[in-house]
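1. Can you look at this prediction? I've put the sequence above it.
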Amino acid sequence: MVLRIALLGCGSVGSQVARILLEESDSLALRSGARLQLTGIAVRDINAARDVELPADLFTTDAAALVKDADIVIELMGGIEPARTLIIDAIDNGASVVTGNKALLAQDGPELYEKADAAGVRLSYEAAVAGAIPIVRPIRDSLSGDKITRVLGIVNGTTNYILDQMDSTGATFDDALADAQQLGYAEADPTADVDGHDAASKAAILATLSFHTRFPLNDVFCEGIRSITAQDIDAAKEAGYVIKLLAIAEQMTGEDDDAGVSVRVHPALLRRSHPLAAVHGAYNAVFVEAEGAGELMFYGQGAGGVPTASAVLGDVVSAARRMVLGGPGRTEIATAQIRSLPVESVMTRYAIGVEVLDESGVLATIADLFAGRGISIESMRQNIRDAEQGVAELRFVTHRARESDLAATVKDLAGVDVVKSIISVLRVEGE
Ligand code: NDP
Ligand code: HSE
């Protein structure tokens with residue numbers, strides 16, 4: 001049996017996928033049960049330099065024609081259009097689709113999964129979340145008999161590299177970002193990474209898979225890492241924490257309006273003993289908590305052409321096996337309808353830094369403000385910030401509190417004379 005493979009895109013990931021399809025043709029045929037014949041590669045510019053040497057006659061700018069004549073379409077162009085239309089065309093033509101396009105899946109995933117299921121074809125996307133790490137299939141298949149209660153992910157390598165540099169070398173955010181750009185982790189325009197948008201796309205995909213409910217990108221609360229200072233990192237370290245950018249999908253079991261799933265991306269304090277605290281550099285990891293399985297952690301390279309190609313090829317072989325044996329399996333179905341919670345309903349712990357006048361009664365005033373909103377303080381540290389000016393820095397960590405109560409307390413704090421400034425407000429996660 002021969003399966004015709006159309007590749008859309010030949011950038012960092014696509015070029016490696018093409019290379020492996022050609023170089024490993026025999027072993028892939030043995031593993032798939034079919035010969036995987038690369039029929040063409042669609043790009044914008046057929047004369048552009050490529051990361052690997054590939055036969056010139058494979059290249060075309062006519063992606064639509066390539067898709068029409070394929071059994072499996074691998075979409076590695078990125079972006080919403082024309083990727084979306086080409087994927088729908090492929091499904092309508094009866095082809096299975098493999099993609100790494102998190103931006104598209106976060107926006108239109110559920111609609112595309114339904115189309116694929118209705119057409120009886122496969123739509124696979126292991127590469128879309130955390131690059132090489134097998135996480136989509138473990139959640140979709142291996143844990144499909146269990147109930148996931150929380151997913152905590154370090155799913156953006158660039159921001160993990162920056163925060164890790166700040167933590168391990170004392171670098172400022174700007175210096176660590178410049179370093180990440182020099183090493184090729186961060187783009188010249190780092191917005192998608194540092195402002196959390198890339199992680200938010202992955203959070204939407206993980207939440208939809210984990211809770212069998214559609215969580216559109218708009219439901220994902222998103223805060224990036226630009227405001228994290230060397231001072232925040234030091235204060236966290238002193239208290240036994242590390243700061244990580246986390247993608248969180250978490251079931252909240254409150255009463256009525258407070259019951260649902262919170263999907264969010266923000267920097268958070270994690271205890272240094274938490275397994276995710278040991279994820280250094282540009283590595284990714286996803287920590288899954290399930291009722292039966294307990295705690296699981298998936299760790300590895302979240303980006304890069306060769307690692308990501310591994311996930312893509314895994315999906316291709318799996319789709320080919322299904323074609324050989326018959327039946328596509330189901331892609332992902334929204335069988336549940338769990339409420340998506342706004343961030344104001346989140347119950348978590350908080351680390352708050354305030355600059356205050358170092359005078360008698362100040363601590364009592366501040367403690368009253370916390371107590372007035374029903375927020376319990378777990379720990380407090382005081383450092384003298386400026387002895388001459390009589391200014392001290394207070395760092396509080398709270399017990400679990402509701403986000404809306406915490407936000408009101410911060411507003412109260414900002415409004416009293418003894419508080420000179422709010423240094424930072426960060427969530428504490430993973431407990
Ligand atoms: P690149 O930007 O390196 O490559 C994109 C490729 O798509 C290029 O070859 C480009 O052609 C082609 N392309 C783009 N638009 C069109 C179009 N309109 N028509 C025809 N061809 C087009 O992307 P990556 O390889 O980095 O990423 C591919 C996908 O994989 C994205 O969805 C990304 O989010 C995802 N991904 C990437 C990871 C990574 O580490 N890079 C990790 C995980 C997922 P040309 O070369 O001629 O410009
Ligand atoms: N920019 C992403 C990262 C690439 O830094 O992890 C993989 O999605």
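-> Received it, and whenever you're ready, just let me know what you need. Ligands and ions are numbered 1, 2, ... in the order given.
2. Please tell me how far the closest residue to ligand 2 within the stretch 251-400 of the chain sits from Val356.
-> When you check the stretch 251-400 of the chain against ligand 2 by CB to the nearest ligand atom, the closest residue turns out to be Ala303, at 3.6 Å. The C-beta positions use only the backbone N, C-alpha and C, and glycine is treated the same way. Between Ala303 and Val356 the computed distance is 42 Å (CB to CB, to the nearest Å).
3. Tyr283 is in contact with the residue of the stretch 251-400 of the chain closest to ligand 2, correct?
-> No - the criterion here is CB atoms under 8 Å, and Ala303 misses it with Tyr283 at 9.8 Å.
4. Show me the common contact partners of the two, please.
-> Taking CB atoms under 8 Å, 6 or more residues apart in numbering as the contact definition, Ala303 and Tyr283 share the neighbouring residues Gly157.
5. and the lengthiest helix in the chain, does that touch ligand 1?
-> Ranked by residue count, the top helix of the chain under DSSP state H comes out as helix 305-325. Yes - under the criterion of CB under 6 Å from any ligand atom, ligand 1 is reached by helix 305-325 at Thr308.
6. counting contacts, what elements does that helix pack onto?
-> Helices and strands touching helix 305-325, by 3 or more CB pairs under 8 Å, 6 or more residues apart in numbering; DSSP states H and E, are strand 2-8, helix 12-23, helix 25-32, strand 72-75, strand 96-99, strand 123-124.
7. What residues does the residue in the chain that ligand 1 sits nearest to make contact with?
-> The shortest separation between the chain and ligand 1 is 1.9 Å, found at Gly11 (distances taken as CB to the nearest ligand atom). When contacts are counted by CB under 8 Å, 6+ apart, Gly11 is found next to 51, 76, 78, 305.
8. how near is it to Lys147?
-> Using CB to CB, Gly11 is found at 38 Å from Lys147.
9. same thing with Ser379?
-> For Ser379, the distance to Lys147 (CB to CB) stands at 33 Å.
10. Let's have the helices and strands packed on helix 305-325 in JSON lines, adding mean pLDDT.
-> Formatted as JSON lines, those follow (pLDDT from 0 to 100):
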{"stretch": "strand 2-8", "mean pLDDT": "98"}
{"stretch": "helix 12-23", "mean pLDDT": "97"}
{"stretch": "helix 25-32", "mean pLDDT": "95"}
{"stretch": "strand 72-75", "mean pLDDT": "98"}
{"stretch": "strand 96-99", "mean pLDDT": "98"}
{"stretch": "strand 123-124", "mean pLDDT": "96"}
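11. out of those, nearest to Ala186?
-> Closest of these to Ala186 is helix 12-23, at 14.1 Å (criterion: CB to CB).
12. List, one by one, the residues from the stretch 1-150 of the chain near ligand 1.
-> Going by CB under 6 Å from any ligand atom, the residues of the stretch 1-150 of the chain near ligand 1 are 9-14, 42-45, 48, 63, 76-78, 82, 100-102, 127, 131.
13. Can you identify each of the helices in the protein by residue range?
-> For the chain, the helices identified by DSSP H occupy 12-23, 25-32, 63-68, 83-92, 102-119, 136-137, 157-169, 173-182, 191-194, 197-211, 230-238, 305-325, 362-372, 403-414, in order along the chain.
14. residue contacts, Ala207?
-> Contact analysis of Ala207 by CB under 8 Å, 6+ apart lists 151, 213, 215, 220, 249, 261, 263.
15. What about those, which are in strands?
-> 151, 249, 261, 263 (DSSP state E).
16. returning to what we had before: of the residues of the stretch 1-150 of the chain next to ligand 1, just the buried ones, PyMOL syntax please.
-> The buried residues among those can be selected in PyMOL (16 or more other CB atoms under 10 Å) with this line:
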select buried, resi 9+10+12+13+14+42+43+63+76+77+78+82+100+101+102+127+131
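17. Also near ligand 2: which of the residues of the stretch 1-150 of the chain next to ligand 1, exactly?
-> Counting by CB under 6 Å from any ligand atom, the subset of these that neighbours ligand 2 consists of Gly131.
18. Return the nearest residue of the stretch 1-150 of the chain with respect to ligand 2.
-> When distances are taken as CB to the nearest ligand atom, the stretch 1-150 of the chain reaches nearest to ligand 2 at Gly131, 5.7 Å away.
19. is it true that that residue touches Pro307?
-> Yes - with contact taken as CB under 8 Å, Gly131 and Pro307 are classed as touching, separated by 5.2 Å.
20. Tell me the residues that contact both of these two, please.
-> 300-301.
21. And the residue nearest to Glu250 when sequence neighbours are not counted, how far from Val261?
-> Taking CB to CB, 6 or more residues apart in numbering as the measure, Glu250 lies nearest to Arg150, with 4.5 Å between them; neighbours along the chain are not counted. Noted for Arg150: a distance of 10 Å to Val261, by CB to CB.
22. The spatially closest residue to Val155 that is not a sequence neighbour: neighbouring residues, count only.
-> Distances taken as CB to CB, 6+ apart put Lys202 closest to Val155, at 4.3 Å, once the chain neighbours are dropped. Residues near Lys202, counting by other CB atoms under 10 Å, number 26.
23. quick one: Lys202 and Ala247 touch, right?
-> Yes - with contacts defined as CB under 8 Å, Lys202 counts as touching Ala247 at a distance of 5.6 Å.
24. so what's in contact with those two at the same time?
-> Counting by CB under 8 Å, 6+ apart, the common neighbours of Lys202 and Ala247 are 153, 155-156.
25. closest to Leu406 among the residues you listed?
-> With CB to CB as the yardstick, the closest approach to Leu406 among those comes from Gly153, at 23.2 Å.
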